[in-house]
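Colleague: Predicted structure and sequence below. I'll ask about it afterward.
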Amino acid sequence: MTRLFLALPFVTVVILIILGLGAMLFKKNLIKILLGLSLMESAVNLLLVVIGYRQDSVAPIFTNVPSGEMAMPTVQALTLTSIVIGVATSAMMLSFAMVLYKRYGTVNVLEIRKLKH
Amino acid sequence: MKMTKIVRTTADAFYPFCLVFGLYVVTHGHLTPGGGFQGGAVMATGTALLIVSRSYREITGRLRQTMLKLCEAFGLMLFLLAGLQSLANARPFLGNWLTQTGGFVGSVVSYGPNPGSLDTGGLVPLLNVGVGLEVFGGLTLIILCMLSGIKEDRP
Amino acid sequence: MQTFLISHLPALLVALPLLCGFLMPVIGRAGPRVRNGWVLLGGALTAITGLLLAIQVLRFGPVTYVFGAAHTTQTLAENPAAAFPIRIMFEIDALGALMIINTTLATLAVIIYSVAAEAKQSGLDMFYALFYLLIAGVYGMVATGDLFNFFVFLEITSLAGAALVAYRIDRGVAVEAGLKYALLSTLAALAVLTAIGILFGQYNALNIAALASRLQFTPLDKVALCLLIVPLAMKCGAVPMHFWTPDVYTTAPSSVTAFLVISSQASLYGLFRVLFSLYGAMLSWATFGWFLIILGVLSAFIGVTMAIPQKDVKRLMAYHAVSQTGYMLLAVGVGLAVLGNASALAKFGRAAIAGGLFHIINYASCKGLLFLTAGAIFLRTGTRNLNRLGALGHAMPVTMVLFMIAALAIAGIPPFNGFASKLMIYQSVFHFSPLLAIVAMIVSILTLASFVKVFQALFMGPRRPEFANVREVPRPMLIGMSVLAAYIVIAGIFPQFFVTRMIAPAVNALLDRAGYIATILGGI
């Protein structure tokens, strides 16, 4: 039962990645594609946090810390960095989507195809 | 686009609290979960509240783009110079030579359960402030720029 | 003072471009002349730092730099928490030095070029800020010794690159390409991050050397390997993941394109680092060698055949970029395939890797120069369409000569540097499999044919009325292009100097996995 419980976050990660990929591959709306990408980013962040968990360890916060061994906060640092990068990429790509909507009048990826001509 | 008076008043009321909470997260970055980015993001949420509750023209009177740009550049410079000044103190880039020296931010962290003392961490609080400023300026600027891209066709 | 500067070179390598870029919005307020001076100063300082560091590495061996430590050279062995080697470290060996020289050459040329080429555009403060961010990202990628750090710099490079590609909106077309680049790069980086997570979960380390020394090659490691090499192969533009290259290289401003070539080579460096230094002894060499060879041959052949019918001069060059990347993959793949066989390695394996690595820097200079000349032509004529261009040789003789040098070099004609590296590749690959060598030669001939056609279409023919007021481009652009042309000619005439001083140490560094690990772990 505990094993199942411990595996649950990984299952969530896989489900989120599949959902995100599905949105990226099958949606035609650019905003939805970017949402799918965000979903995948969150899934990978979740994976990192889950990987950092060590059984029977306490959170590495010095203020009012309970006694016990602390877990390494490396993964939290990694996740944070990845979230920061995610914010930057999402902001940039959403701005791109805005510019495209202004120029082409659509966010449908099937109609955004001037590059091919 | 103009929101109702309720929304605008609530946003006004929340704005200072967001800023103060963000500053708290920034200054306690080396003690509690949080730090420059999170605190900066919280502060930017405050300005985002203001921005969504008002029209673009109204908001640019209160938040100037040049101010935000300077804020961002200043934060980045603070971080980089904090890293570079370690070189002058015979440490590598970002080497934390202030920690455990007993100075203003150099107290020794007591081990085990403790209420948390702000004057620890050496360079880290300074870096947090730099990152906080940068993120606050940057995120607000992003939201402002995106807003300026939206056509204001409704009265 | 001297030792002080030298010991901090790796930090300055990334800090200087960042400083230069971040101050750009502030300095830009003082006017275009001040800004241009600042851009040139920053470029010169960065280039000097890069060259000094590379020379130091090539003369005195690998350099490590530990950020935020007690002293700069602290190895992980003396770190009290050595069980968790999570320091942020730069580790620059001879291979890194080669990549740094490559980046420095391009930085110098592109910065000088862009000051004149972009002079009439708007929004230049942010343009150069992003440009320096891109430069810092590429330097970071080739200097870092930490896998997560590599991911961060990869993302910085992609972000700055995508923003620069889309910078001149160009009726939305550039934004389309930028979005494509950003989406694919983000996906690739997510895969790399997942691999990093998998590796960290098993070995509690992020440092490449520490990971390499602890690697068990469990099934999870194989998943991580796939998640590392496929995105990196995509980022360096290998067939069948090359579809972004033509669009992105075509629409970006030419100075940016020339530097994007360098950033995709940094991904190539990452690919080699993962295969040789991180996994190395664990791999089945023949399988992965042939994986690289097949990628390489496909890229070389499909790239060149796609290039021939193109009408847009930059799109044509972009397909040639795919094709030339194939040569490097092919040559290094041959080296990887015979890694377990000492006699074959000594006989032709080393020479193959040396040819591949030499071709990295040679190709970067040729391709950079080609893109820059295309930019010069576009600046003066306003079109990139080969059918509409022509007879520019009368008005732009210097550009014509520079284009000719680059085109002959990339097609592998003596006495230019492309010949030197391609000859090394032909000879060594011929020992491995004559068929592959013949394919490589055919690709080279097709490249030559394609560039003869382009040359004829661009520069030959009687004067045309529509190009009557076309003039030679401003002098700074010519100087920038000449930097690359000078390297092309010098490396073509004295290839032996570069091979012994620069390439041979890089090959040793690539093959010496134990040495790479020992540099960080202090001889464990």
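Modeller: Alright, I've got the coordinates.

Colleague: helix/strand/coil for residue C:91?
Modeller: strand (DSSP: H, G, I helix; E, B strand; the rest coil).

Colleague: roughly how far apart are the closest residue to it other than its chain neighbours and residue C:420?
Modeller: Nearest non-adjacent residue to residue C:91, counting by CB to CB, 6 or more residues apart in numbering or on different chains: residue C:145, 3.0 Å away. Heads up, the C-betas are built off the backbone N, CA and C, glycines and all. For residue C:145, the distance to residue C:420 (CB to CB, to the nearest Å) stands at 30 Å.

Colleague: Spatially nearest residue to residue 22 (excluding sequence neighbours)?
Modeller: With no chain named, the answer covers chain A. Nearest non-adjacent residue to residue A:22 (CB to CB, 6+ apart): residue A:36, at 7.2 Å.

Colleague: oops, chain C please
Modeller: residue B:76 (4.4 Å).

Colleague: shouldn't the one you found be in contact with residue B:130?
Modeller: Yes: using CB atoms under 8 Å, residue B:76 is in contact with residue B:130, at 7.3 Å.

Colleague: How many residues are close by residue B:78?
Modeller: Applying other CB atoms under 10 Å in any protein chain shown, we find 18 residues neighbouring residue B:78.

Colleague: One more: residue C:458?
Modeller: Neighbours of residue C:458 using other CB under 10 Å come to 24.

Colleague: tell me which element the residue nearest to residue C:22 is part of?
Modeller: Element membership of residue B:76, judged by DSSP states H and E, is helix B:65-88.

Colleague: residues near residue 51, how many?
Modeller: Reading this off chain A. By other CB under 10 Å, the residues close to residue A:51 number 22.

Colleague: um, chain B though
Modeller: Residue B:51: 22 neighbours (other CB under 10 Å).

Colleague: Can you name the residues of chain B that neighbour chain A?
Modeller: B:31-33, B:35, B:37-38, B:41, B:109, B:112-116, B:139, B:142, B:145-146, B:149-150 (CB under 8 Å from any CB of the partner chain).

Colleague: buried sites along stretch B:78-92?
Modeller: B:78-80, B:82-87, B:91-92 (16 or more other CB atoms under 10 Å in any protein chain shown).

Colleague: Check whether that stretch comes near chain C.
Modeller: Yes: Stretch B:78-92 comes into contact with chain C (CB under 8 Å from any CB), by way of B:80, B:83-84, B:86-87, B:90-92.

Colleague: In those residues, find the pair that's most separated.
Modeller: Greatest spatial distance among these (CB to CB): B:80 and B:90, at 18.8 Å.

Colleague: which regions of chain A sit below the pLDDT cut-off?
Modeller: Residue ranges of chain A with pLDDT under 70: A:62-63, A:116-117.

Colleague: Find the closest residue to chain B in chain C.
Modeller: Ranking the residues of chain C by distance to chain B (CB to the nearest CB) places residue C:11 first, at 3.6 Å.

Colleague: Quick check: that residue touching residue B:87?
Modeller: Yes: using CB under 8 Å, residue C:11 makes contact with residue B:87 at a distance of 7.4 Å.

Colleague: SS state for residue C:64?
Modeller: Residue C:64 - assigned by three-state DSSP - is strand.

Colleague: do you know how far the nearest residue to it once chain neighbours are set aside is from chain A?
Modeller: Leaving aside its sequence neighbours, residue C:64 sits nearest to residue C:91 (CB to CB, 6+ apart; 5.1 Å). Separation of residue C:91 from chain A (CB to the nearest CB, to the nearest Å) stands at 19 Å.

Colleague: can you pull the contacts of the residue in the stretch 351-500 of chain C that chain A sits nearest to?
Modeller: Per CB to the nearest CB, residue C:385 is where the stretch 351-500 of chain C lies closest to chain A, at 12.4 Å. Residue C:385 makes contacts with C:311-313, as judged by CB atoms under 8 Å, 6 or more residues apart in numbering or on different chains.

Colleague: Pick the one among those residues closest to residue C:167.
Modeller: Of those, the one sitting nearest to residue C:167 (CB to CB) turns out to be residue C:312, at 19.2 Å.

Colleague: Pull out the buried members of the residues of chain B next to chain A.
Modeller: Here, 16+ other CB under 10 Å leaves B:31, B:35, B:37-38, B:41, B:116, B:139, B:142 buried among the residues of chain B next to chain A.

Colleague: would you list the residues of stretch B:78-92 next to chain C in JSON lines and tack on pLDDT?
Modeller: Below are the residues of stretch B:78-92 next to chain C laid out as JSON lines (pLDDT from 0 to 100):
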{"residue": "B:80", "pLDDT": "89"}
{"residue": "B:83", "pLDDT": "87"}
{"residue": "B:84", "pLDDT": "87"}
{"residue": "B:86", "pLDDT": "85"}
{"residue": "B:87", "pLDDT": "84"}
{"residue": "B:90", "pLDDT": "80"}
{"residue": "B:91", "pLDDT": "82"}
{"residue": "B:92", "pLDDT": "84"}
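
Colleague: Run through chain C and note the low-pLDDT ranges.
Modeller: Scanning chain C for pLDDT under 70 picks out C:1, C:73-85, C:522-524.

Colleague: Tell me the residues on it that lie near chain B, please.
Modeller: So chain C meets chain B at C:4, C:8, C:11, C:15, C:18-19, C:22-23, C:25-26, C:65-72 (CB under 8 Å from any CB).

Colleague: try 10 Å
Modeller: With CB under 10 Å from any CB of the partner chain as the criterion, chain C meets chain B at residues C:4-5, C:7-8, C:10-12, C:14-16, C:18-19, C:21-27, C:29, C:65-74, C:88, C:90, C:125-126, C:129.

Colleague: distance between the helix or strand containing residue C:21 and the chain's centre?
Modeller: Here residue C:21 sits within helix C:9-27, counting by DSSP H and E. Per CA atoms, centre = their mean, to the nearest Å, the displacement of helix C:9-27 from the mean C-alpha position of its chain is 20 Å.

Colleague: what's the angle from the helix or strand that comes right after that helix to helix C:9-27?
Modeller: Following helix C:9-27 in sequence order, the next helix or strand is helix C:32-60 (DSSP H and E). If you take axes from the mean of the first three to the mean of the last three CA atoms, to 10 degrees, helix C:32-60 sits at 180 degrees to helix C:9-27.

Colleague: looking at chain C, which residue lies furthest from center?
Modeller: residue C:465 (39.7 Å; CA atoms, centre = their mean).
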